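*Asks:* A predicted structure for the sequence below; I have some questions about it.
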Amino acid sequence: TWQDGVVVKERWKYTNILKLSRALNHIDVRGSVPVPQIVFYQSGVGSSPNLYSQYVQGKPLFCDFIKVQEAYAFIAQNYSRGDEIFLFGFSRGAYTARMVAMFIGAIGVLDKTDMDYFAEIFVTFQKLGKSTDPTEIAELEEQIDPWTSHASRGKQRVDSDNNVFSIKCIGVFDTVGSLGLPEEITHKRPSTKSIFGFPDKVLGDHIERAYQALAINETRDDFECAKFEQTERGRKKGQILKQCWFTGSHSDIGGGWHDHDLSDLTLTWMMANIENMLSVDLKYVASLPDPVDLWGKQAPHDPRTGIFMLAEEHVRKLPSKTDDITHETVHPSVLEQVRLVPQLVKCIQENPPLVCQLLPLEEEMRKNWPYVPGKGNLSESKGTSRIDTLATTSIRGVARDAVGLFGEFEQEIHVRTEITTNADSDDAKQLESNSLFTWLTHESHVGAILKTLG
């Protein structure tokens, strides 16, 4: 998730991941034997109260590495044979969930002893993701063969190569970017296109179920969605994949807006798909909606605010029909919108089955939608999301510190001059890379400041 649920007081700022984690009962008592449900909630890189620190000081890509390691280590520490693994995430958290799933597919779940080697394994996979030299790739693959082979202890621990599923379910809200990372993080650098050497969209056949809620109205080019793609082997194993399109921009899907009707719809959809696998506190779920409009009527929020005002525009490719690779559908709530995307209207007219059916929990939520007429603004959505609040309010903070920021620019120019002078050393090349990353990030902030103050 983008958010730190420990320090956020306002309930409306909760993302769907935080809400989902709190909705899970500690013990599933529906069967003959009570089953503990162990929850690990991981706050995201975007939880920092300072947007500058998120994008520069926090070194987002490095922080994502840490998140993947932490999540995998938690699973390895607590896993017992026969346990079911569920992974959920929104935005960058969705990237983390997908990478953890790929690691489990590649090496299984290591035990406590083998976890001593995880750092080495992790670094080797990073090198695999960057290398283009066939000889080096072969050497790296040989190094990790003891962990990726069918006979490895990690794979035997979860029976991942015995035609069974090592992961019960992965559920994500609007994974963005080629690897789940916005392009403002990767800056479209080839070295960040395949971080661990994993295919960025292929749904591993070791995952039994996969669900993704997607944003119809997200128009930022660097927030292009990363869909799952099912393999023939996955289909033959009986793998279930559902990817459903909803009204809204990125944060409308994952949550965090003050007016959160739209994210309530995506959360209910996710809950409806997993409630037969996990014990959920449905009373808590029912208490979450605080609608400002009729069911499905809230207009999407504008994603191009704050630092994203200068983002390049991109219209997402919507499905014309449901296929056996991405399994995309459109949620019925979309039809309640006053303004529909023309491309989508045409697709639905030509292929009505593209619109999926409401599940029982969703139907119940629709019937009991607690809207009070006159409470909200029916013409346009208001409020600010956690993510976009960070963006817009940070502009004020950045504006106050504009002199200091431009001072850093002067220092940056000085540093880059030194790099040019000492360009022969490896340290200088690394510093140049970091310097370029910092400069680009500063540039986006300064552009936003100039546009706002102008």
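*Replies:* Cool, the structure landed. Residues are numbered from 1 along each chain as shown.
*Asks:* need the contact list for the closest residue to E208 other than its chain neighbours.
*Replies:* Leaving aside its chain neighbours, E208 sits nearest to F165 (3.8 Å; criterion: C-beta to C-beta, 6 or more residues apart in numbering). Every residue, glycine included, has its C-beta placed from N, CA and C. F165 makes contacts with H206, I207, E208, K237, Q239, as judged by C-beta atoms under 8 Å, 6 or more residues apart in numbering.
*Asks:* The third one touches C169, doesn't it?
*Replies:* Yes - using C-beta atoms under 8 Å, E208 is in contact with C169, at 6.5 Å.
*Asks:* Is H150 in a helix, a strand, or coil?
*Replies:* What DSSP: H, G, I helix; E, B strand; the rest coil gives for H150 is coil.
*Asks:* what about it, how many neighbours?
*Replies:* 9 (other C-beta atoms under 10 Å).
*Asks:* Now do F118: how many residues are near it, please.
*Replies:* 18.
*Asks:* ok, it touching V109?
*Replies:* No - counting by C-beta under 8 Å, F118 stays clear of V109, with 10.8 Å between them.
*Asks:* any residues in contact with both of the two?
*Replies:* A76.
*Asks:* ok, back up a step: quick one: which of the contacts of F165 sit in strands?
*Replies:* Among those, the members falling in strands (DSSP state E) are I207, E208.
*Asks:* Show me how to select, in PyMOL, the buried members of the contacts of F165.
*Replies:* This is the PyMOL syntax for the buried subset of the contacts of F165, where burial follows 16 or more other C-beta atoms under 10 Å:
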select buried, resi 206+207+208+239
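*Asks:* Now stretch 80-100: average pLDDT?
*Replies:* For stretch 80-100, mean pLDDT rounds to 93.
*Asks:* from the chain's centre, how far out does that stretch sit?
*Replies:* 11 Å (C-alpha atoms, centre = their mean, to the nearest Å).
*Asks:* cool, and stretch 232-242?
*Replies:* When C-alpha coordinates are averaged (C-alpha atoms, centre = their mean), stretch 232-242 and its chain have centres 22 Å apart.
*Asks:* Ok, stretch 323-342 next?
*Replies:* Taking mean C-alpha positions (C-alpha atoms, centre = their mean), stretch 323-342 and its chain are 20 Å apart.
*Asks:* What residues of that stretch count as buried?
*Replies:* Judged by neighbour count using 16+ other C-beta under 10 Å, the buried positions of stretch 323-342 are 325-334, 336-337, 341.
*Asks:* can you check stretch 105-117 too?
*Replies:* Using 16+ other C-beta under 10 Å as the test for burial, stretch 105-117 gives G105, A106, I107, G108, V109, L110, D114, M115.
*Asks:* what's the answer for stretch 215-231, then?
*Replies:* Going by neighbour count (16+ other C-beta under 10 Å), the buried part of stretch 215-231 is 215-220, 222-230.
*Asks:* From those, which one has the minimum pLDDT?
*Replies:* D222 (80).
*Asks:* if we can go back for a sec, would you turn the contacts of F165 into JSON lines with distance to Q298 and pLDDT?
*Replies:* As requested, the contacts of F165 are exported to JSON lines (distance: C-beta to C-beta, whole Å; pLDDT from 0 to 100):
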{"residue": "H206", "distance to Q298": "38", "pLDDT": "95"}
{"residue": "I207", "distance to Q298": "32", "pLDDT": "97"}
{"residue": "E208", "distance to Q298": "33", "pLDDT": "98"}
{"residue": "K237", "distance to Q298": "39", "pLDDT": "95"}
{"residue": "Q239", "distance to Q298": "33", "pLDDT": "98"}
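*Asks:* Tell me which residues are up against stretch 333-343.
*Replies:* For stretch 333-343, the external contacting residues (C-beta under 8 Å, 6+ apart) are 216-217, 245-247, 265, 294-297, 299, 315, 318, 344, 348, 355.
*Asks:* Averaged pLDDT, it. What do you get?
*Replies:* Taken as a whole, stretch 333-343 has a mean pLDDT of 93.
*Asks:* Then stretch 309-328?
*Replies:* Stretch 309-328 shows a mean pLDDT of 88.
*Asks:* Can you check the distance spanned by it, start to finish?
*Replies:* One end of stretch 309-328 sits 29 Å from the other (C-alpha to C-alpha, to the nearest Å).
*Asks:* for K155, helix, strand, or coil?
*Replies:* Under three-state DSSP, K155 comes out as helix.
*Asks:* what's it in contact with, if anything?
*Replies:* Listed by C-beta under 8 Å, 6+ apart, the contact set of K155 reads I107, G108, T148, S149, D161.
*Asks:* Pick out the lowest-pLDDT one from those.
*Replies:* Per-residue pLDDT puts D161 lowest of the contacts of K155, at 64.
*Asks:* Show me the helices in the stretch 201-350 of the chain, by range?
*Replies:* Assigned helices in the stretch 201-350 of the chain, in chain order: 232-236, 250-254, 261-274, 282-287, 342-350 (criterion: DSSP state H, counting those that start in this stretch).
*Asks:* so Q126, which of the three states?
*Replies:* Three-state call for Q126 (three-state DSSP): helix.
*Asks:* Please work out how many residues are found near it.
*Replies:* If we define neighbours as other C-beta under 10 Å, then Q126 has 15 of them.
*Asks:* Same question for Q37.
*Replies:* Around Q37 there are 14 residues (other C-beta under 10 Å).
*Asks:* what's stretch 104-112 in contact with?
*Replies:* Residues contacting stretch 104-112 (C-beta under 8 Å, 6+ apart): 72, 75-77, 79, 85, 117-118, 121, 125, 144, 147-148, 152-158, 160, 166-167, 198, 204, 206-207.
*Asks:* that older thread, closest one of the buried residues of stretch 323-342 to T96?
*Replies:* Nearest to T96 among the buried residues of stretch 323-342 is T326, at 21.6 Å by C-beta to C-beta.
*Asks:* Next up, the contacts around that closest one.
*Replies:* Here T326 is in contact with K227, F228, E229, Q230, L241, Q243, P319 (criterion: C-beta under 8 Å, 6+ apart).
*Asks:* try 10 Å
*Replies:* K201, L203, Q212, L214, K227, F228, E229, Q230, L241, K242, Q243, P319 (C-beta atoms under 10 Å, 6 or more residues apart in numbering).
*Asks:* and the buried residues of stretch 215-231, which of them are in strands?
*Replies:* Reading strands off those with DSSP E, I get A215, E229, Q230.
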